[in-house]
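Novice: Next input, structure requested:
(2 chains)
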There are 2 protein chains.
Amino acid sequence: MKKKSVVIVGFGNIGHYAYESVTAEKDMELKGIVETAPNMPDNVDGIPIVSDVSSLEKPDVAILCVPSRLVKKIVPLYLEKGICTVDPYDIHGETMLELRKEFDDIGKKNNAASIIAAGWDPGSDSMIRGIMKLMVPRGVTHTNFGPGMSMGHSVVAKAVEGVEDAVSLTIPVGTGLHRRLVYVKLKPGADLEKVEAQIKQDNYFRNDETYVYAIDDIEDVKDMGHGVHIEHKGKAGITHNQIIDYVHHINNPAVTAQVLTSAARAVTKQKPGCYTLLEVPIADYLNMDLETLVRKMV
Amino acid sequence: MKKKSVVIVGFGNIGHYAYESVTAEKDMELKGIVETAPNMPDNVDGIPIVSDVSSLEKPDVAILCVPSRLVKKIVPLYLEKGICTVDPYDIHGETMLELRKEFDDIGKKNNAASIIAAGWDPGSDSMIRGIMKLMVPRGVTHTNFGPGMSMGHSVVAKAVEGVEDAVSLTIPVGTGLHRRLVYVKLKPGADLEKVEAQIKQDNYFRNDETYVYAIDDIEDVKDMGHGVHIEHKGKAGITHNQIIDYVHHINNPAVTAQVLTSAARAVTKQKPGCYTLLEVPIADYLNMDLETLVRKMV
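Specialist: So this is what the prediction gives:
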């Protein structure tokens, strides 16, 4: 079977993990990395690093390892060239729907498919919640994140006056509620009590149980581990008290990159258009022939 | 939107729960129940009970609530009439693949789709394991069943000389291993030690930690609750120690019937042919319009 040709777009944190994922897959061939940052080497272990995908032979699929805010701009550049895309867009709500419509049109016009939001939440967690709901359609679902770093909350804490650096950890306390542990490195002369008060009154923190600790070096508490606990309880038919739990403890960028890589496999099997992970059969993500899959039912 | 018209085939334990599931779904209409057992009433709450589906207007989909061994015979009768089918076939391995091929041919010839093995294992558990493997492709997965009754093991225990009735409970002990608790009602004069020895040397039990208890009434320990714990640990890309756990505690026939019902929704959206749950997008199982689904990412 011909291997899928893949390029990685963006060679930051996720991009480096995607490099590891793609090169570990037996049915994929990494053809290049697109990165516009200055002073990049011209290759990594023989894989070319280029500033424009046009310098490479046209790949089957581009794995976008770029921030969510750049997805809207970058995906069309690839779809218009007839290259399938996957991206880690991670903002729930209306913009997700808009992107899906926009990329669907562009994909159909250019004979290419796109999978959006191919991380873990939204992403594989969405698939899990979908399965919970097909088994137990009436009930309550709670998604509890952590323990792990929250980028959004860390940015807010860093912006507080008197804070030199900060990281905010999300701790799951059940039923969708979270505790926030905020580690700050104070600027010389800053007052911890004032910093703490300001963090706690911010909209990002005011509804959560929040603790603020001053430490000397933020690196001491940084850890790429993250987790989730999805709880679902409700009725199958009219039978009550069906309980389903899903828990993972993962390396955040490694699993994000792996979901993107599995989605890159799936996207090449779809008709032109744009899809979320929920709209693609699970079988399409796996490197397993259909006969083995059906025999084993994984 | 037009409701899907549904018939239930087989009105035993699962069939009764399917009746409850289908009538609870807002996008489905239960048109009848097919049951050939003697002395059936002619309706249940106004839903006709018939011995042949031809007495009813042709439905969109038939939910087969019949034992696995009858699936091979009954599914074609419906597909040949152009009626989509879902069934709870639950035997892993080669026969699954054969059925899928056979029903795929019949479905394509008769413009009808079929989803096989639409219970929870094989079934929704297979979907969960598929998601674990797309997130963490290299590693070890263990499926631990229970606590719950095992029909197969109960049948073996019942067949032992000196046993009047029996039930075997499966207790999960992790890493895919199980403890067996066998409750027997002895025939008058039977020797518990002999019964116990015979049960423990049977192939169904000899590799598992097994305990045999004599009780007065098997009904005292019967309980339709069942569970599973699926453990997965391995590498995403080349990053080790990614840990995923899935646990459910459910009413066995209620959730089996609900998965069948959700699959009945999905099957009407597929092209003619036969599918396992892994080959159908999760979105197709849910009674949720695409816009809501994408906005919420469930």
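Novice: what residues does the stretch 51-200 of chain A put near chain B?
Specialist: A:92-94, A:96-97, A:100, A:117, A:120-124, A:126-131, A:133-138, A:141 (C-beta under 8 Å from any C-beta of the partner chain). The C-beta positions use only the backbone N, C-alpha and C, and glycine is treated the same way.
Novice: Surely residue A:255 is in contact with residue B:243?
Specialist: No: between residue A:255 and residue B:243 there is no contact under C-beta atoms under 8 Å: 10.7 Å.
Novice: Overlap of the contact sets of these two?
Specialist: Contact criterion C-beta atoms under 8 Å, 6 or more residues apart in numbering or on different chains; residues bridging residue A:255 and residue B:243 by contacting each: residue A:248.
Novice: who's more crowded, these two?
Specialist: Using other C-beta atoms under 10 Å in any protein chain shown as the criterion, residue A:255 and residue B:243 rank with residue A:255 on top: 25 against 15.
Novice: So which elements touch the strand or helix carrying residue A:70?
Specialist: Assigned by DSSP states H and E, residue A:70 falls within helix A:68-79. Helices and strands touching helix A:68-79, by 3 or more C-beta pairs under 8 Å, 6 or more residues apart in numbering or on different chains; DSSP states H and E, are strand A:61-64, strand A:84-86, helix A:94-110.
Novice: now these as TSV including mean neighbour count and mean pLDDT?
Specialist: As requested, those are arranged in TSV below (neighbours: other C-beta atoms under 10 Å in any protein chain shown; pLDDT from 0 to 100):
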stretch	mean neighbour count	mean pLDDT
strand A:61-64	29	98
strand A:84-86	29	98
helix A:94-110	18	96
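Novice: Out of these, which gets nearest to residue A:201?
Specialist: Nearest to residue A:201 among those is helix A:94-110; the distance by C-beta to C-beta comes to 27.8 Å.
Novice: by how many degrees do that closest one and helix A:68-79 diverge?
Specialist: On the basis of axes from the mean of the first three to the mean of the last three C-alpha atoms, to 10 degrees, helix A:94-110 is oriented at 10 degrees to helix A:68-79.
Novice: what lines up beside the helix or strand following helix A:94-110 in the sheet?
Specialist: Per DSSP H and E, the first helix or strand lying C-terminal to helix A:94-110 is strand A:113-115. Using DSSP bridges, the strands paired with strand A:113-115 in its sheet are strand A:84-86 (parallel), strand A:273-275 (parallel).
Novice: what comes up buried for strand A:113-115?
Specialist: Within strand A:113-115, the residues that count as buried by 16 or more other C-beta atoms under 10 Å in any protein chain shown are A:113, A:114, A:115.
Novice: Please apply the same query to stretch A:135-144.
Specialist: Buried-residue list, stretch A:135-144, by 16+ other C-beta under 10 Å: A:135, A:136, A:137, A:139, A:141, A:143, A:144.
Novice: Can you give the contact residues for that stretch?
Specialist: Contacts of stretch A:135-144 from elsewhere in the structure, counted by C-beta under 8 Å, 6+ apart, are A:121, A:125, A:129, A:132-133, A:172-178, A:228-236, A:242, A:244, B:24-25, B:120, B:124, B:248, B:250, B:255, B:258-259, B:262, B:286-287, B:298.
Novice: Which stretches in chain A count as helices?
Specialist: In chain A, the helices defined using DSSP state H lie at A:13-24, A:68-79, A:94-110, A:124-135, A:151-158, A:192-201, A:252-267, A:290-296.
Novice: returning to what we had before: dump the helix holding residue A:70 to PDB, keeping only the CA atoms.
Specialist: C-alpha atoms of helix A:68-79 as PDB (Å, rounded to 0.1, in the frame of the first residue of the first chain):
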ATOM      1  CA  SER A  68      -6.100  28.300  17.100                       C
ATOM      2  CA  ARG A  69      -6.200  31.900  16.100                       C
ATOM      3  CA  LEU A  70      -4.200  31.100  12.900                       C
ATOM      4  CA  VAL A  71      -6.300  28.100  11.800                       C
ATOM      5  CA  LYS A  72      -8.800  30.300   9.900                       C
ATOM      6  CA  LYS A  73      -6.100  31.900   7.900                       C
ATOM      7  CA  ILE A  74      -3.800  28.900   7.200                       C
ATOM      8  CA  VAL A  75      -6.200  26.000   6.500                       C
ATOM      9  CA  PRO A  76      -7.600  27.600   3.300                       C
ATOM     10  CA  LEU A  77      -4.000  28.100   1.900                       C
ATOM     11  CA  TYR A  78      -3.700  24.300   1.900                       C
ATOM     12  CA  LEU A  79      -7.200  23.300   0.800                       C
END
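Novice: Could I get the buried residue list for that helix?
Specialist: Buried residues in helix A:68-79, counted by 16+ other C-beta under 10 Å: A:71, A:74, A:75, A:76, A:77, A:78, A:79.
Novice: Pull the number of nearby residues for the closest residue to residue A:226 other than its chain neighbours.
Specialist: Spatial nearest neighbour of residue A:226, chain neighbours left out: residue A:148 (3.1 Å); criterion: C-beta to C-beta, 6 or more residues apart in numbering or on different chains. Residue A:148 has 19 neighbours, counted by other C-beta under 10 Å.
Novice: Same check on the one 10 residues further on?
Specialist: If you count neighbours by other C-beta under 10 Å, residue A:158 ends up with 17.
Novice: now do the same end-to-end measure for stretch A:86-99.
Specialist: Criterion C-alpha to C-alpha, to the nearest Å; first-to-last residue distance in stretch A:86-99 is 12 Å.
Novice: before we move on, what about stretch A:23-36?
Specialist: In stretch A:23-36, first residue to last residue: 22 Å (C-alpha to C-alpha).
Novice: Next: stretch A:130-141.
Specialist: One end of stretch A:130-141 to the other measures 11 Å (C-alpha to C-alpha).
Novice: now what about stretch A:54-63, what contacts it?
Specialist: The contact list for stretch A:54-63 (C-beta under 8 Å, 6+ apart) reads A:4-9, A:18, A:22, A:31-32, A:34, A:48, A:50, A:53, A:78, A:81-86, A:260-261, A:264, A:267-268.
Novice: Tell me, what's the model's pLDDT at the closest residue to residue A:163 other than its chain neighbours?
Specialist: Nearest residue to residue A:163 in three dimensions, chain neighbours excluded: residue A:184, at 5.0 Å (C-beta to C-beta, 6+ apart). What the model reports for residue A:184 is a pLDDT of 98.
Novice: what bridges to the residue nearest to residue A:226?
Specialist: Beta-bridge partners, per DSSP bridges, of residue A:148: residue A:170.
Novice: list the buried ones in stretch A:10-26?
Specialist: A:10-11, A:14-25.
Novice: If we check chain B, which of these are in contact?
Specialist: Among the buried residues of stretch A:10-26, the ones lying near chain B by C-beta under 8 Å from any C-beta are A:17, A:18, A:20, A:21, A:24, A:25.
Novice: can you tell me which residues contact the fifth one?
Specialist: For residue A:24, the contacting residues are B:137, B:138, B:235, B:237, B:238, taking C-beta under 8 Å, 6+ apart as the criterion.
Novice: if you set the cut-off to 6 Å instead, what comes out?
Specialist: The neighbours of residue A:24, taking C-beta atoms under 6 Å, 6 or more residues apart in numbering or on different chains as the test, are B:237, B:238.
Novice: What's the per-residue pLDDT of it here?
Specialist: Looking at residue A:24, its pLDDT reads 97.
Novice: what's the answer for the fourth one, then?
Specialist: In this model, residue A:21 is scored at 98, pLDDT.
Novice: That one touches residue B:239, doesn't it?
Specialist: No: using C-beta atoms under 6 Å, residue A:21 makes no contact with residue B:239, being 8.9 Å away.
Novice: Give me the local confidence score for the residue nearest to residue A:226.
Specialist: Looking at residue A:148, its pLDDT stands at 96.
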